[in-house]
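K.L.:
3D model of this:
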Amino acid sequence: MLKQLISRFLLTAILSAAGASVVAGEKVELKHPFIWDHATEWGLAQFNFPVGLAKYRFESYRTGPVHTKKAAAINWKSHPRAWSFRTRIKESQTASTGASFASKFNTVIFGCGGGCVTGYLINRETGAVTDFPTMTMFFGKMDWVWESDSSLLVVAGYIGEDDVSYGINWEKLREEASHTEDANGNVSFIPLTFLKFNGKAFELVGQEKLDVSPPAVTR
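P.N.:
Below you'll find the predicted structure:
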(Lines give C-alpha, C1' and ligand atoms only; values in the text may rest on other atoms or scores of the structure.)
Protein backbone atom coordinates (compact mmCIF):
# COMPACT_ATOMS: atom_id res chain seq x y z
CA MET A 1 0.00 0.00 0.00
CA LEU A 2 2.82 2.39 0.90
CA LYS A 3 4.64 1.71 -2.36
CA GLN A 4 1.44 2.51 -4.24
CA LEU A 5 1.05 5.68 -2.22
CA ILE A 6 4.58 6.85 -2.84
CA SER A 7 4.46 5.99 -6.53
CA ARG A 8 1.17 7.83 -6.76
CA PHE A 9 2.52 10.90 -5.04
CA LEU A 10 5.69 11.46 -7.06
CA LEU A 11 6.79 14.57 -5.26
CA THR A 12 10.25 13.07 -5.04
CA ALA A 13 10.51 13.81 -8.75
CA ILE A 14 10.24 17.49 -7.91
CA LEU A 15 12.97 17.33 -5.31
CA SER A 16 15.41 15.45 -7.52
CA ALA A 17 14.55 17.49 -10.61
CA ALA A 18 15.03 20.83 -8.83
CA GLY A 19 18.72 20.35 -8.05
CA ALA A 20 21.18 22.96 -6.93
CA SER A 21 21.18 24.76 -10.27
CA VAL A 22 17.55 25.83 -10.06
CA VAL A 23 16.99 29.57 -9.86
CA ALA A 24 13.86 31.45 -8.89
CA GLY A 25 11.23 31.32 -11.59
CA GLU A 26 13.05 28.75 -13.74
CA LYS A 27 10.78 26.32 -15.59
CA VAL A 28 11.60 22.67 -14.96
CA GLU A 29 10.09 19.95 -17.13
CA LEU A 30 8.66 17.03 -15.16
CA LYS A 31 10.09 13.59 -15.84
CA HIS A 32 6.80 11.95 -14.85
CA PRO A 33 3.33 12.75 -16.24
CA PHE A 34 1.94 14.61 -13.22
CA ILE A 35 2.57 14.91 -9.53
CA TRP A 36 -0.81 15.25 -7.85
CA ASP A 37 -4.29 13.89 -8.35
CA HIS A 38 -5.47 17.32 -9.40
CA ALA A 39 -2.64 17.99 -11.83
CA THR A 40 -4.66 16.84 -14.83
CA GLU A 41 -7.43 19.11 -13.69
CA TRP A 42 -4.96 21.97 -13.43
CA GLY A 43 -3.72 21.24 -16.95
CA LEU A 44 -0.09 21.90 -16.08
CA ALA A 45 2.84 20.37 -17.91
CA GLN A 46 5.47 22.19 -15.87
CA PHE A 47 5.89 24.01 -12.59
CA ASN A 48 7.87 27.01 -11.38
CA PHE A 49 10.26 26.11 -8.56
CA PRO A 50 11.22 28.62 -5.86
CA VAL A 51 14.97 28.91 -5.40
CA GLY A 52 14.82 27.50 -1.86
CA LEU A 53 13.37 24.16 -2.92
CA ALA A 54 16.77 22.62 -3.62
CA LYS A 55 17.57 22.75 0.11
CA TYR A 56 15.02 20.09 1.03
CA ARG A 57 16.07 16.55 0.21
CA PHE A 58 15.08 13.22 1.72
CA GLU A 59 18.75 12.20 1.59
CA SER A 60 19.55 14.86 4.21
CA TYR A 61 17.26 13.16 6.72
CA ARG A 62 18.15 9.48 6.38
CA THR A 63 17.38 7.38 9.45
CA GLY A 64 19.25 4.14 8.78
CA PRO A 65 18.11 0.60 7.92
CA VAL A 66 14.37 -0.02 7.81
CA HIS A 67 12.99 -2.11 10.70
CA THR A 68 11.65 -5.39 9.28
CA LYS A 69 11.52 -7.57 12.38
CA LYS A 70 8.25 -8.44 14.10
CA ALA A 71 6.59 -5.31 15.41
CA ALA A 72 6.24 -4.81 19.16
CA ALA A 73 2.86 -4.95 20.89
CA ILE A 74 1.05 -1.63 20.74
CA ASN A 75 1.35 0.51 23.85
CA TRP A 76 -2.22 1.78 24.15
CA LYS A 77 -1.32 3.98 27.12
CA SER A 78 1.19 5.94 25.04
CA HIS A 79 -1.52 8.06 23.40
CA PRO A 80 -4.85 9.18 24.88
CA ARG A 81 -6.81 8.58 21.66
CA ALA A 82 -5.06 5.46 20.42
CA TRP A 83 -7.70 3.04 21.72
CA SER A 84 -10.43 4.91 19.83
CA PHE A 85 -8.70 4.00 16.56
CA ARG A 86 -7.52 0.55 17.65
CA THR A 87 -8.81 -1.26 14.55
CA ARG A 88 -6.82 0.88 12.12
CA ILE A 89 -3.76 0.88 14.34
CA LYS A 90 -3.81 -2.90 14.83
CA GLU A 91 -4.15 -3.47 11.08
CA SER A 92 -1.12 -1.28 10.42
CA GLN A 93 1.02 -3.05 12.99
CA THR A 94 0.12 -6.59 11.94
CA ALA A 95 -0.17 -6.21 8.16
CA SER A 96 3.10 -4.40 7.46
CA THR A 97 6.32 -6.25 6.72
CA GLY A 98 8.54 -3.30 7.52
CA ALA A 99 8.56 0.29 8.70
CA SER A 100 7.04 2.82 6.32
CA PHE A 101 8.44 6.05 7.79
CA ALA A 102 11.71 7.14 9.44
CA SER A 103 13.02 3.54 9.44
CA LYS A 104 11.03 2.26 12.43
CA PHE A 105 7.52 3.67 12.26
CA ASN A 106 4.32 2.37 10.70
CA THR A 107 1.90 4.96 9.34
CA VAL A 108 -1.87 4.98 9.82
CA ILE A 109 -3.61 7.61 7.66
CA PHE A 110 -7.39 8.04 7.43
CA GLY A 111 -10.03 10.62 6.59
CA CYS A 112 -11.33 13.02 9.24
CA GLY A 113 -14.00 14.83 7.23
CA GLY A 114 -14.38 16.48 3.87
CA GLY A 115 -10.96 17.20 2.40
CA CYS A 116 -9.18 16.26 5.64
CA VAL A 117 -6.81 13.44 6.62
CA THR A 118 -5.04 12.64 9.86
CA GLY A 119 -3.36 9.65 11.46
CA TYR A 120 -0.71 8.19 13.71
CA LEU A 121 2.81 6.81 13.70
CA ILE A 122 3.43 3.55 15.55
CA ASN A 123 6.93 2.75 16.70
CA ARG A 124 7.63 -0.85 15.64
CA GLU A 125 10.29 -1.25 18.33
CA THR A 126 8.37 0.09 21.35
CA GLY A 127 4.72 0.08 20.26
CA ALA A 128 4.35 3.76 21.18
CA VAL A 129 1.74 5.79 19.25
CA THR A 130 2.45 9.35 18.06
CA ASP A 131 0.35 11.92 16.21
CA PHE A 132 0.72 12.32 12.45
CA PRO A 133 -0.05 15.87 11.22
CA THR A 134 -3.64 16.66 10.30
CA MET A 135 -3.79 17.84 6.68
CA THR A 136 -6.57 19.64 4.84
CA MET A 137 -7.07 21.03 1.37
CA PHE A 138 -5.68 24.39 0.34
CA PHE A 139 -8.13 25.76 -2.21
CA GLY A 140 -9.18 22.23 -3.10
CA LYS A 141 -5.66 20.77 -3.36
CA MET A 142 -3.71 18.54 -0.99
CA ASP A 143 -1.02 15.87 -1.13
CA TRP A 144 1.91 14.52 0.86
CA VAL A 145 4.95 12.29 0.41
CA TRP A 146 7.63 10.60 2.51
CA GLU A 147 10.22 7.84 2.23
CA SER A 148 10.54 4.79 4.45
CA ASP A 149 14.11 5.59 5.57
CA SER A 150 13.84 9.35 5.98
CA SER A 151 12.38 11.55 8.74
CA LEU A 152 11.29 14.22 6.25
CA LEU A 153 7.60 14.72 5.45
CA VAL A 154 6.57 16.97 2.56
CA VAL A 155 3.02 18.31 2.48
CA ALA A 156 1.25 20.29 -0.21
CA GLY A 157 -1.75 21.91 1.42
CA TYR A 158 -2.86 23.10 4.84
CA ILE A 159 -1.41 21.50 8.00
CA GLY A 160 -2.95 21.58 11.44
CA GLU A 161 -6.35 22.36 12.90
CA ASP A 162 -5.73 26.01 13.79
CA ASP A 163 -4.97 29.19 11.86
CA VAL A 164 -1.42 29.10 13.26
CA SER A 165 0.35 25.75 13.37
CA TYR A 166 4.06 24.87 13.23
CA GLY A 167 4.64 28.61 13.49
CA ILE A 168 2.94 29.22 10.14
CA ASN A 169 0.18 31.81 9.77
CA TRP A 170 -2.17 29.83 7.54
CA GLU A 171 -4.84 32.50 7.55
CA LYS A 172 -2.37 34.96 6.04
CA LEU A 173 -1.38 32.41 3.38
CA ARG A 174 -5.02 31.76 2.51
CA GLU A 175 -5.69 35.46 2.21
CA GLU A 176 -2.67 35.94 -0.04
CA ALA A 177 -3.70 33.05 -2.28
CA SER A 178 -7.31 34.23 -2.44
CA HIS A 179 -6.20 37.41 -4.20
CA THR A 180 -4.90 35.26 -7.07
CA GLU A 181 -7.98 33.02 -7.34
CA ASP A 182 -9.52 32.83 -10.80
CA ALA A 183 -13.10 32.13 -11.86
CA ASN A 184 -12.48 28.37 -11.63
CA GLY A 185 -11.20 28.52 -8.06
CA ASN A 186 -7.54 28.05 -9.03
CA VAL A 187 -4.84 29.99 -7.21
CA SER A 188 -1.30 30.86 -8.29
CA PHE A 189 0.58 28.94 -5.60
CA ILE A 190 0.33 26.00 -3.22
CA PRO A 191 2.33 25.97 0.04
CA LEU A 192 4.90 23.18 0.27
CA THR A 193 5.71 22.51 3.92
CA PHE A 194 8.70 20.44 5.03
CA LEU A 195 8.51 18.76 8.44
CA LYS A 196 11.11 16.68 10.25
CA PHE A 197 10.14 13.98 12.75
CA ASN A 198 12.44 13.99 15.79
CA GLY A 199 11.21 10.66 17.14
CA LYS A 200 8.48 12.21 19.28
CA ALA A 201 6.97 15.05 17.27
CA PHE A 202 7.19 16.87 13.95
CA GLU A 203 9.22 20.08 13.65
CA LEU A 204 9.13 22.69 10.91
CA VAL A 205 12.11 22.57 8.56
CA GLY A 206 10.82 25.22 6.19
CA GLN A 207 8.13 26.21 3.75
CA GLU A 208 8.13 27.28 0.11
CA LYS A 209 5.47 28.43 -2.31
CA LEU A 210 5.11 26.16 -5.30
CA ASP A 211 4.08 28.34 -8.23
CA VAL A 212 1.31 26.50 -10.07
CA SER A 213 0.44 29.30 -12.45
CA PRO A 214 -0.47 27.89 -15.88
CA PRO A 215 2.26 28.36 -18.49
CA ALA A 216 1.73 31.28 -20.82
CA VAL A 217 -0.23 30.28 -23.91
CA THR A 218 1.45 31.19 -27.17
CA ARG A 219 -0.62 31.57 -30.31
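
K.L.:
Now do the contacts for residue 115.
P.N.:
Residues near residue 115 by CB atoms under 8 Å, 6 or more residues apart in numbering: 136-137, 140, 142. C-beta: built from backbone N, CA, C; applies to glycine.

K.L.:
Kindly reformat the residues you listed as JSON lines containing neighbour count, pLDDT and distance to residue 110.
P.N.:
Formatted as JSON lines, these follow (neighbours: other CB atoms under 10 Å; pLDDT from 0 to 100; distance: CB to CB, whole Å):
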{"residue": "136", "neighbour count": "18", "pLDDT": "90", "distance to residue 110": "14"}
{"residue": "137", "neighbour count": "16", "pLDDT": "88", "distance to residue 110": "16"}
{"residue": "140", "neighbour count": "13", "pLDDT": "84", "distance to residue 110": "20"}
{"residue": "142", "neighbour count": "21", "pLDDT": "81", "distance to residue 110": "14"}
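
K.L.:
For these, work out which two are farthest apart.
P.N.:
Farthest apart among the contacts of residue 115 by CB to CB are 136 and 140. That separation is 10.5 Å.

K.L.:
Break down the chain into its strands, ranges please.
P.N.:
In the chain, the strands defined using DSSP state E lie at 27-29, 46-48, 105-111, 116-123, 129-136, 143-146, 152-156, 158-159, 164-165, 168-169, 189-197, 202-211.

K.L.:
Between the contacts of residue 115, which sits nearest residue 78?
P.N.:
Looking across the contacts of residue 115 and measuring by CB to CB, the closest to residue 78 is residue 136, at 25.7 Å.

K.L.:
Next one: that closest one from residue 195, what distance?
P.N.:
Counting by CB to CB, to the nearest Å, the separation of residue 136 from residue 195 is 15 Å.

K.L.:
again, but for residue 189
P.N.:
Here the criterion is CB to CB. By it, residue 189 lies 19 Å from residue 195.

K.L.:
Comparing these two, which residue is more hemmed in?
P.N.:
residue 195 (22 against 19; other CB atoms under 10 Å).

K.L.:
Kindly state the beta-bridge partners for the more buried one.
P.N.:
Counting by DSSP bridges, residue 195 forms beta bridges with residue 153, residue 204.
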